[in-house]
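1. Sequence first, predicted model second:
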Amino acid sequence: MSSIHSDDSAAAQLSGLVPRRSYLLALLVLIGALVLVFTTWTVARDRELRTAESEFQVQTEVITDLMRQRLIYYELVAGGGVSLFASVARPTPQQWRAYVEGMNLSQRFSAMLGLGFGGYVRSSRLPDLQTEWRESGYGLLEVRPRGVRRDYGPILYLEPKTAANVAAIGYDMYSEPTRAAAMLAALESGQPQLTGPLQLIQDGAEKQTGLVLYLPVYRGGDRPQSLDARRSSMQGWVYVPFRMQRFAENSMGGAFKDARFRVYDVEGARSTLLYASPRGRDEVESAFRHSTTLDVYGRRWRLEFESSPQAQSAPRLASLQNMLALGLFASLLLYAVALTLARTEARARKIALRMTEDYRRSETRFRSAMRYSAIGKALLDSEGRIVEANPALVAIVGNNEAALLGTRFDALFDNEDHELIGKATGRTDTDGVHRATRRLHRGDGLVRQVQLTYSPVPGNVGQDITGLVQIEDVTERLRAEARVHALNRTLEARVALRTRELSVANQELEAFAYSVSHDLRAPLRAIEGFSRILIEKHAAQLDDSGRDYLSRVRKAAGRMGELIDALLQMSRLARSELKFDRIDLSRMAGEIVEELRTADPQRSVEVEIEPGLTVVGDAPLLRNLLANLLGNAWKFTRGQAQARIAFGATTNAQGLTEFHVRDNGAGFAQEYVGKLFRPFQRLHTDSDFPGHGIGLASVKRIVERHGGSIRAEGVEGKGATFTFTLPGE
């Protein structure tokens, strides 16, 4: 027993050590991966920074060479002016202007303000120079600043001829120490000389750093070897003034957009800032710095370069950061994989136990659903034989379960079809579920109608089960549906019969109205004729009461004739066939209004008709409609001093066009609006407004025959509005 217990204890310790070793291995994998990632990233980052710094230094050298090259261009331009003096003892201002214009300085060298010449004049020669200048037609040469000095260097030529350059003529450059030092150095050395930073004359009070490049000009174009000979042969200086800011920007040519670039003029221990490039983000530390010196025409410049921030100077560092993040992620992923593997076995065992339990419970649920379902269910094999049946199916079929097992399912129905699924009467869904209604012969001989629902289901491994079929007895439901269909057919027959009877009644009613109207005319004509003869021949034999009674009889007969005509008109509206055309209602309304004006010329009525109103309908009926509506408006505005009638259209919320006839006449009480469209119904007395009460009834019938609707709105004493729709075609 002790041996068994010791073995169990050792197994338990071993099982406890295995996960610990797995966890230790996962930790070692993490540490090794992190060390490898950090080492690789550090080496790649240092190499990338060195490469970026080398590229930055190459760019600074390129900028330095560009600045040196541009100064050489300035020297060549000034050297051309010196050559002009070598070919001509003293060129005229016109010759100087022609030379400068040929150089096109403003386009080629935008930093250069011009090309000028300053003469070297002794104090004793200054009056002679001024006299010579004036006699040559160049005007008065005023040397400034005034004062007596041993030597003068006045500006004699300066092109191109801008206002600032013209104002600089006569300025003694030799009077200013910075310029004088460069001019003297050029005289004594015979070489081009550049000044230190100064304020150019052309800039006036504007603070800008300017420089001037001087080239000495000796008589005859020679270059004397000794200092005394150079002083005695000195004629003047050709000089180039330029602004340092524009010079530096042109030299960089768009480079160093995000970096800082400074130029200092170094003189001994003192440094003077000549140019500093703008920078939008001074607060960000530069990645690299580089400084170099440039010796230019007797001056020493110190060029200091600061690169953009590290993210811009070495953009590939971002990808290295991503690589580091990816490496860290991969290290953590490896650790997670190793850690996961250590727990896989225990989890797999737990999952297997849980899946087994789930499968058992699922099987129990399925069996319970099969057994206690009120709908018959059966499992079929690949040949359509019943493998399992529930009690509900046994009850529907009228047989026992043992007899059903192994029986072909199709054998239970009429018209046995071995291809039940997909070919029998019914329908099949996209998921393969098939539904059909079949006749079932029960075991006791009864015939029932059943609804079948077949769905494919998989069986267990090695089990021949391919489908589940559900059977529902729908005999009573189908019988009820048949009774409903029979009742519907009976109702349809009754509706058709009532429709025919109504049609016949309408036809008989129309024939009756027509015959009555015609039959009534014969006695009316007799009454009217005999009453007229009495008036004409026997009026003298009658007293006043008799003549009054006879007049009333004639008026009543005339009134009855008018009512018969209205009755015939209503009959024609119902019988006439519609002929649809495109009708211009605006033009038709205008014609009707003109007819009303002609018939009643003494009235002045303001009529407003909206133009362009068209509709599709029967022209005679629509003319009748407008004649009734406009005639009513004309009639009921008779008592108004300023009668107004309007015919127009609007669009309602449903998008239909609504036409309206509006007047400011007598109007009507809104509570009686229901009587307006009834035949022979009137809201006003015949003595106030004569009529038959048939017009608005005709209007309503015309509108309804066109498939539209009409409504009326009115206020007593303030007018009425009739709005109608004509849907059209």
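-> Sure, I can see it. Being a predicted model, the structure only gives us computed values, none of them experimental.

2. Show me what the helix or strand hosting residue 56 is packed against.
-> Under the criterion of DSSP states H and E, residue 56 resides in helix 2-87. Helices and strands touching helix 2-87, by 3 or more Cβ pairs under 8 Å, 6 or more residues apart in numbering; DSSP states H and E, are helix 93-103, strand 115-119, strand 210-218, strand 234-243, helix 244-252, strand 289-296, strand 299-306, helix 316-372. Where C-beta positions appear, they are placed from N, C-alpha and C, glycine not excepted.

3. Quick check: residue 267 vs residue 274, distance?
-> Using Cβ to Cβ, to the nearest Å, residue 267 is found at 12 Å from residue 274.

4. Between those two, which has more neighbouring residues?
-> residue 274 (22 against 11; other Cβ atoms under 10 Å).

5. That one sits in which helix or strand?
-> Secondary structure assignment for residue 274, by DSSP H and E: strand 270-276.

6. Where do the helices of the stretch 501-650 of the chain begin and end?
-> Ranges of helices in the stretch 501-650 of the chain, per DSSP state H, counting those that start in this stretch, are 544-575, 585-599, 619-636.

7. If you average pLDDT over each of those, which is lowest?
-> Least confidently modelled of these is helix 544-575, at a mean of 66 by mean pLDDT.

8. Help me confirm that residue 180 comes into contact with residue 173.
-> Yes. In this structure, residue 180 is within contact of residue 173 by Cβ atoms under 8 Å, at 7.3 Å.

9. shared neighbours, these two?
-> residue 153 (Cβ atoms under 8 Å, 6 or more residues apart in numbering).

10. looking at this structure, which residue ends up farthest from its center?
-> Most distant residue from the mean C-alpha position of the chain: residue 541, 97.2 Å away (Cα atoms, centre = their mean).

11. got the residue ranges for the helices in the stretch 351-500 of the chain?
-> 391-397, 401-404, 420-423, 475-538.

12. who wins for proximity to residue 606 among the helices and strands packed on helix 2-87?
-> helix 244-252 (79.7 Å; Cβ to Cβ).

13. Contacts made by that closest one with the rest, please.
-> If you take Cβ under 8 Å, 6+ apart as the criterion, helix 244-252 is touched by 63, 66-67, 70, 109-111, 197, 208-211, 261, 263, 274-275, 277.

14. now the angle between helix 2-87 and it, please.
-> Interaxial angle, helix 244-252 versus helix 2-87 (axes from the mean of the first three to the mean of the last three Cα atoms, to 10 degrees): 120 degrees.

15. For the helix or strand that comes right after helix 244-252, C-alpha coordinates in PDB please.
-> As assigned by DSSP H and E, the chain's next helix or strand after helix 244-252 is strand 260-267. Extracted in PDB, the C-alpha atoms of strand 260-267 (Å, rounded to 0.1, in the frame of the first residue of the first chain):
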ATOM      1  CA  ARG A 260      17.500  76.100 -39.800                       C
ATOM      2  CA  PHE A 261      20.300  77.600 -41.700                       C
ATOM      3  CA  ARG A 262      22.500  80.500 -40.400                       C
ATOM      4  CA  VAL A 263      25.300  82.500 -42.000                       C
ATOM      5  CA  TYR A 264      27.700  84.500 -39.900                       C
ATOM      6  CA  ASP A 265      30.400  87.000 -41.000                       C
ATOM      7  CA  VAL A 266      33.500  86.200 -38.900                       C
ATOM      8  CA  GLU A 267      36.000  88.900 -38.200                       C
END
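
16. And strand 260-267, what's buried?
-> Along strand 260-267, these residues count as buried under the neighbour rule (16 or more other Cβ atoms under 10 Å): 260, 261, 262, 263, 264, 265.

17. do stretch 142-158 as well
-> In stretch 142-158, counting by 16+ other Cβ under 10 Å, buried: 143, 149, 151, 152, 153, 154, 155, 156, 157, 158.

18. Setting the sequence-adjacent residues aside, check what's closest to the fourth one.
-> Put plainly, it is residue 152. Among residues not flanking residue 152 along the chain, residue 121 sits closest, at 4.3 Å (Cβ to Cβ, 6 or more residues apart in numbering).

19. residues in contact with that neighbour?
-> Shown in contact with residue 121 (Cβ under 8 Å, 6+ apart): 129, 151, 152, 153, 154.

20. quick one: which of these is nearest to residue 468?
-> residue 153 (116.4 Å).

21. so how far is residue 239 from that closest one?
-> From residue 153 over to residue 239 (counting by Cβ to Cβ), the distance is 9 Å.

22. Which neighbours do the two have in common?
-> In contact with both residue 153 and residue 239: 118, 173, using Cβ under 8 Å, 6+ apart.

23. Please report the distance of residue 177 from residue 184.
-> Distance of residue 177 to residue 184, computed by Cβ to Cβ: 10 Å.

24. ok, the two, which is more surrounded?
-> residue 184 (15 against 10).

25. Next, the angle from the helix or strand hosting that one to strand 210-218.
-> Using DSSP H and E, the element containing residue 184 is helix 177-189. Helix 177-189 runs at 30 degrees relative to strand 210-218, counting by the same axes, to 10 degrees.

26. quick check: mean pLDDT across the next helix or strand after helix 177-189?
-> On the C-terminal side of helix 177-189, the nearest following helix or strand under DSSP H and E is strand 193-194. Across strand 193-194, pLDDT averages out at 94.

27. ok, residues contacting strand 193-194?
-> 71, 182-183, 185-186, 211-214, 296-299.

28. again, only this time at 10 Å
-> Outside of strand 193-194, the residues within contact range by Cβ atoms under 10 Å, 6 or more residues apart in numbering are 71, 74-75, 181-187, 211-216, 237, 239-240, 265, 296-299, 301.

29. Now that we have those residues, which of them are buried?
-> Of these, these count as buried by 16+ other Cβ under 10 Å: 71, 74-75, 182-183, 185-187, 211-216, 237, 239-240, 265, 296-299, 301.

30. Residue ranges in the stretch 151-300 of the chain under the pLDDT threshold?
-> Applying pLDDT under 70 to the stretch 151-300 of the chain flags the ranges 254-258, 279-284.

31. Can you list phi and psi of residue 120 for me?
-> Phi and psi for residue 120, reported as degrees, to the nearest 10, are phi -100, psi 110.

32. these two touch, right, it and residue 237?
-> Yes. When contacts are counted by Cβ atoms under 10 Å, residue 120 is listed as touching residue 237 (7.1 Å).

33. May I see the contacts of residue 121 arranged in CSV, with secondary structure as well?
-> Formatted as CSV, the contacts of residue 121 follow (DSSP: H, G, I helix; E, B strand; the rest coil):
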residue, secondary structure
129, helix
151, strand
152, strand
153, coil
154, strand
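
34. Could you measure from the residue lying closest to residue 122 once chain neighbours are set aside over to residue 74?
-> Spatially, and ignoring its direct neighbours in sequence, residue 122 is nearest to residue 151 (6.2 Å; Cβ to Cβ, 6+ apart). Shown here: residue 151 relative to residue 74, a distance of 25 Å by Cβ to Cβ.

35. again, but for residue 37
-> Look at residue 37 and residue 74: by Cβ to Cβ, they are 56 Å apart.

36. Same question for residue 268.
-> 25 Å.

37. What is the burial count for residue 108?
-> For residue 108, the tally of surrounding residues (other Cβ under 10 Å) stands at 10.

38. which residues sit against stretch 309-326?
-> Contacts of stretch 309-326 (Cβ under 10 Å, 6+ apart): 37-38, 40-42, 44-45, 47-53, 55-56, 257-259, 281, 283-288, 307-308, 333.
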